[in-house]
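Peer 1: Provide a 3D model corresponding to the input given below.
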Amino acid sequence: MRHLRAARREDLARIWEIRNGVRENRLTDPDAVTDEDVLWYIDQAVFLVAEVDGVIVGFASGDHLNAWLFALFVDPAHEGQGHGRALHDAVLARLAEIGHRQAWLSTDPGTRAAGFYAAAGWHETGRQADGQSVFVKSL
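Peer 2: Alright, predicted model coming up:
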């Protein structure tokens, strides 16, 4: 059974295992996201993990300041079981509780992630300078 909870600093190693084990949106620049970045989100922002039998199988984070969906990743061995959607919905609900009326994110165009977000009601609004698609969703 899936359990969602707030991420803790001691979850960092497992968060990195999942982040580095994904099939898409792999980090090619190890300096793009640092331990300090992730710990800031754990300490300050909305950061949830999904657990099954006490093992973290996915995580998601949203910036409480600007409603940016910073991260949403599921261990490939646990994809297709609803963990990503549960994390997605829970983070967006928390951002709405804080008072945000719209969330945004960016991801590579034409990916499974882009399809996931479109299916979840996000709308592509354009591209960033680096070519990533920008999506918004009303909360």
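
Peer 1: going forward, measure contacts between C-alpha atoms and count neighbours the same way
Peer 2: Fine.

Peer 1: Stretch 52-61: how far from the chain's middle?
Peer 2: How far stretch 52-61 lies from its chain's middle: 12 Å, per CA atoms, centre = their mean, to the nearest Å.

Peer 1: What's the mean pLDDT across it?
Peer 2: Throughout stretch 52-61, pLDDT has a mean value of 97.

Peer 1: next SSE after the lengthiest helix in the chain?
Peer 2: Longest helix in the chain, counting residues (DSSP state H): helix 83-98. Per DSSP states H and E, the first helix or strand lying C-terminal to helix 83-98 is strand 102-107.

Peer 1: what is the rounded mean pLDDT of that next one?
Peer 2: On average, the pLDDT along strand 102-107 is 97.

Peer 1: which residues are contacting it?
Peer 2: Contacts to strand 102-107, defined as CA atoms under 8 Å, 6 or more residues apart in numbering, come from residues 25, 66-70, 92, 95-96, 113-114, 132-139.

Peer 1: buried set for that strand?
Peer 2: Of the residues in strand 102-107, 103-107 count as buried by neighbour count, 16 or more other CA atoms under 10 Å.

Peer 1: got CSV for those residues, with distance to Leu12 too?
Peer 2: Shown next, in CSV, are these (distance: CA to CA, whole Å):
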residue, distance to Leu12
Ala103, 25
Trp104, 24
Leu105, 22
Ser106, 23
Thr107, 23
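
Peer 1: Show me which residues of stretch 62-71 are buried.
Peer 2: For stretch 62-71, by 16+ other CA under 10 Å, it's 62-64, 67-71.

Peer 1: Name the nearest of the residues you listed relative to Glu51.
Peer 2: Using CA to CA, Ala71 comes nearest to Glu51 of the buried residues of stretch 62-71, at 16.5 Å.
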